[in-house]
Every structure is written in C-alpha cells, then in structure tokens.
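Kindly return the folded structure for what I paste below:
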Amino acid sequence: MGRHPPSGPRPPVSWALVAGLGGLALLWPLARLTGAAGVLGPLATTVLNAVVVAVVWIGVVGLGRVPRPVLTLTLAGAAYGIVLVSVPAVLQPDEVGPGTLLVAAVGTARSAALGALAGLAALLLQRVTR
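Next up is the predicted model:
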C-alpha cells in the first residue's frame with residue numbers, strides 16, 4: 001500500500017537555520033572584499049562558492065537530521081537568493097534599475113529551486129545514514 005500519513009503535527013521549520021544557511025550568500029561579497037575572487041577568477045569563484053554552499057547545506061541538514069529537509073533548504077535557497085540580490089542593491093543603489101525586480105525574482109526562484117535539489121540530496125543522506 002502507500003505510506004501512512006504522519007501522526008501528529010509536522011515539526012516546525014527552524015527559521016534560524018534557514019536564515020543562517022541563506023546567509024551563506026555573503027560568501028560572494030566576502031570573496032570580493034578579501035581579493036579572493038580576483039585571485040581565483042570568476043569561474044573558479046563561482047564553482048568554489050557553489051560547492052561550499054552545497055556541501056554545507058547538504059551536510060548540515062542531512063547529517064544533522066533536520067526535519068523537513070526539502071522545505072528547509074528550499075526556504076534557505078530563497079533566503080540565499082534574496083541576500084544575493086539585496087547586497088549589491090544596498091551597496092550600489094545607483095545601479096538599481098527597472099529590470100532589477102525581475103532579475104531579483106528570477107535569481108531568488110533559481111536559488112529556491114537549487115535549495116530544493118539540495119534538500120532532496122539531504123533527505124537521501126538522512127535515509128542512507130539512518
């Protein structure tokens with residue numbers, strides 16, 4: 001047959017964890033401020049940031065047995081996207097134009113989708129290490 005519905009209420013999402021994992025978007029400006037992005041180059045900086053974020057997200061949520069991993073990392077991805085598009089807008093408000101909202105929406109949606117994929121990987125990790 002099918003799965004039985006969970007008994008009782010579902011555990012709440014840890015908003016502190018969502019905010020913390022979303023805050024990893026600050027690695028981008030940190031890489032620029034420290035000069036690491038200039039040394040590594042744009043491609044290596046992008047790949048390194050993506051790998052670090054993915055490993056941290058999947059490791060923390062998967063090995064930490066965080067409840068609702070897909071939802072948690074989808075929300076963390078959305079938070080990541082919001083931080084990623086907000087920091088440049090705050091630091092360089094002169095560069096905010098009419099297309100900024102569209103770029104922000106697309107970037108946030110993409111980050112949320114990547115978070116959902118990371119959540120699936122974390123769920124798989126939880127099941128494998130159970």
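
Which residue would you name as the spatial centre of this structure?
If you average the C-alpha coordinates of the chain and look for the closest C-alpha using Cα atoms, centre = their mean, you land on Gly77, 3.2 Å from that point.

OK, contacts around that residue?
Gly77 makes contact with 22, 111-116, 118, according to Cβ atoms under 8 Å, 6 or more residues apart in numbering. Using the backbone N, CA and C atoms, a C-beta is placed for each residue, glycine as well.

Of these, which is the nearest to Gly59?
Here the nearest of the contacts of Gly77 to Gly59, counting by Cβ to Cβ, is Ala118; it sits at 10.1 Å.

Now do the closest one against Gly38, distance only.
Computed with Cβ to Cβ, to the nearest Å, the distance linking Ala118 and Gly38 is 28 Å.

out of those two, which sits in the more crowded spot?
Ala118 (26 against 11; other Cβ atoms under 10 Å).

So the more buried one is in contact with Val60, correct?
No. Taking contacts as Cβ atoms under 8 Å, Ala118 lies outside contact range of Val60: 10.3 Å.

Now do the SS call for Val66.
Per DSSP: H, G, I helix; E, B strand; the rest coil, the local secondary structure of Val66 is coil.

Now it: closest residue in space that isn't a chain neighbour?
The spatial neighbour of Val66 that comes closest, neighbours along the chain excluded (Cβ to Cβ, 6 or more residues apart in numbering), is Thr72 at 5.6 Å.

The one you found contacts Leu120, correct?
No. Thr72 is beyond contact range of Leu120, at 11.7 Å (criterion: Cβ under 8 Å).

Comparing the two, which residue is more hemmed in?
Neighbour comparison, Thr72 and Leu120: the larger count goes to Thr72, with 24 against 15 (by other Cβ under 10 Å).

Buried residues, the helix or strand where that one lies. List them.
Element membership for Thr72, per DSSP states H and E: helix 69-91. Across helix 69-91, burial judged by 16 or more other Cβ atoms under 10 Å covers 69-85.
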